[in-house]
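Novice: pasting a predicted model and its sequence here:
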Amino acid sequence: MALARCDDHRPDPVEPETVSYALPLGYPGTAVTCDVVGCENPARLWLSRDERSAFVAGQRVFPIGGGVKVRVADDLFPN
Ligand SMILES: [Zn+2]
């Protein structure tokens, strides 16, 4: 499951291990907001190693919890 976090609340590399991030479509004008309580900043989608592999293989839709899935753009960034 990807982690939706803003620039002020970037995840530690171990919670869970995040190796890359992708941007929700339209970022920073995205509807996806940071999952930290009280924060409403636009979120990047932090990907695990397996999710990074799926991204490289062409996957662009990732679950973020609560049954919500987010479509990301075609660029991939290192953590
Ligand atoms: Zn935040």
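Specialist: Structure's in. What do you need?
Novice: my guess is residue 32 meets residue 70, correct?
Specialist: Yes. With contacts counted by Cβ atoms under 8 Å, residue 32 reaches residue 70, the gap being 5.4 Å. No exception for glycine: its C-beta is placed from N, CA and C like everyone else's.
Novice: mind listing the shared neighbours of those two?
Specialist: Shared contacts of residue 32 and residue 70, defined by Cβ atoms under 8 Å, 6 or more residues apart in numbering, comprise 4, 24, 45, 64.
Novice: what strands flank the strand ranked longest in the chain, and is each parallel or antiparallel?
Specialist: Longest strand in the chain by number of residues (criterion: DSSP state E): strand 68-78. Partners of strand 68-78 in the sheet, by DSSP bridges, are strand 20-24 (antiparallel), strand 61-65 (antiparallel).
Novice: which residues does the most far-flung residue of the chain relative to its centre contact?
Specialist: The C-alpha centroid of the chain is most remote from residue 38, which lies 18.2 Å away (Cα atoms, centre = their mean). If a contact means Cβ under 8 Å, 6+ apart, then residue 38 has no contacts.
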